[in-house]
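Novice: sequence first, then the predicted structure, then my questions.
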Amino acid sequence: MGAVVKTLGVAADKDTGVAVVTLDRPHRLNAIDLTMRDELIETWRELRFDTTVRAIVLTGAGDRAFCTGLDRDAEVPQPESPYMADDPLLHVGPKSNDLWKPVISAVRGMACGGAFYLLGESDFLVADTTASFFDPHTTYGMVSAYESVLMALSMPHGEAARMALTGSAERLSAERAHSIGLVTELTEPGGALAAAIAVASVIAGHPPEGVQGTVRALWAAKEAALRQGFAQAPHLVSLGNLPLDRQADLFHARRPGFRLR
């Protein structure tokens, strides 16, 4: 059932029409390196053509994290120009790859930083009670630009602002995420994947043309705001990010502990 590649697992159930895509780097808390980035892009684009797949569940391997964003050891070359910046995760999500089949994220453990590129392009989230959400950018001298835009369109503005501005000092609990609508269903520990597959199976049982048109319509409701926000992001990142060596100093000097709310 399915095929496993280096950093990504893909399993499709032809009977239900549901594919499960698994971020499979648990030893790195499912952080996205450039190999995983490329495999995600390839997977989303392949799923566009697989008519047996009518709904997708995205999850992370292991019980510690859904995804912790970009792997800090990933070497991302940048052009030497203030007018050109390459964000390695900008096109890592399903919508960015023109996939209009429903994608449901099943979250267990931490989801932070660059994970929001994936969560922000999911149609909705299911989480278990171990899930937590936070954005460490400001703690390490970085601007949360793309991530904040995506989250501001997925949760109340004040919650998105507080999460982005408090950095790694606070984490949004699964219960709080559920109460504000970021998470649509909360399960017992270990139950998020099964719950996500169950609802994906229901959706996959509907005629796909209507489902995919509805996904496209829902995304259109926030697409203009997303495009406008993203247009500002490269300039804000260029202006506000500390040099990489200073970011590394702050990362290594970080204090353990956080407030869960």
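Specialist: Arrived safely.

Novice: where does this structure dip in pLDDT?
Specialist: Along the chain, segments meeting pLDDT under 70 span 1-6, 82.

Novice: go with 80
Specialist: Confidence mapping of the chain against pLDDT under 80 gives the ranges 1-6, 75-85, 254-255.

Novice: which parts of it are strands?
Specialist: Here the chain has its strands, by DSSP state E, at 3-4, 8-13, 18-23, 55-60, 65-67, 103-107, 110-112, 124-128, 132-134, 170-173, 185-187, 259-260.

Novice: give me the nearest residue to the residue nearest in space to the middle of the chain, chain neighbours excluded.
Specialist: The chain has Leu118 as the residue nearest its centroid, 2.4 Å off, counting by C-alpha atoms, centre = their mean. The spatial neighbour of Leu118 that comes closest, neighbours along the chain excluded (C-beta to C-beta, 6 or more residues apart in numbering), is Gly93 at 5.6 Å. Where C-beta positions appear, they are placed from N, C-alpha and C, glycine not excepted.

Novice: what do you get for Glu159?
Specialist: Distances taken as C-beta to C-beta, 6+ apart put Ile180 closest to Glu159, at 5.4 Å, once the chain neighbours are dropped.

Novice: surely the one you found meets Pro156?
Specialist: Yes: at 5.7 Å, Ile180 and Pro156 qualify as touching, with contact defined as C-beta atoms under 8 Å.

Novice: span of stretch 103-119 from start to end?
Specialist: 9 Å (C-alpha to C-alpha, to the nearest Å).

Novice: ditto for stretch 147-161
Specialist: Length of stretch 147-161, first residue to last, C-alpha to C-alpha: 11 Å.

Novice: then stretch 173-187?
Specialist: End residues of stretch 173-187 are separated by 13 Å (C-alpha to C-alpha).

Novice: what's the most buried one of the strands of the chain?
Specialist: Ranked by mean neighbour count under mean count of other C-beta atoms under 10 Å, the strands of the chain are led by strand 65-67, which reaches a mean of 28.

Novice: hmm, back to that, in a markdown table, list the strands of the chain along with distance to Met84.
Specialist: Below are those laid out as a markdown table (distance: least, C-beta to C-beta, whole Å):
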| stretch | distance to Met84 |
| --- | --- |
| strand 3-4 | 36 |
| strand 8-13 | 29 |
| strand 18-23 | 29 |
| strand 55-60 | 30 |
| strand 65-67 | 27 |
| strand 103-107 | 30 |
| strand 110-112 | 27 |
| strand 124-128 | 33 |
| strand 132-134 | 30 |
| strand 170-173 | 34 |
| strand 185-187 | 41 |
| strand 259-260 | 38 |
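
Novice: which helix runs longest in the protein?
Specialist: helix 208-240 (DSSP state H).

Novice: just checking, what packs against that helix?
Specialist: helix 146-152 (3 or more C-beta pairs under 8 Å, 6 or more residues apart in numbering; DSSP states H and E).

Novice: in contact with Ile180, which residues?
Specialist: Going by C-beta atoms under 8 Å, 6 or more residues apart in numbering, Ile180 touches Met155, Pro156, Glu159.

Novice: for Thr52, see how far away it is.
Specialist: 36 Å (C-beta to C-beta, to the nearest Å).
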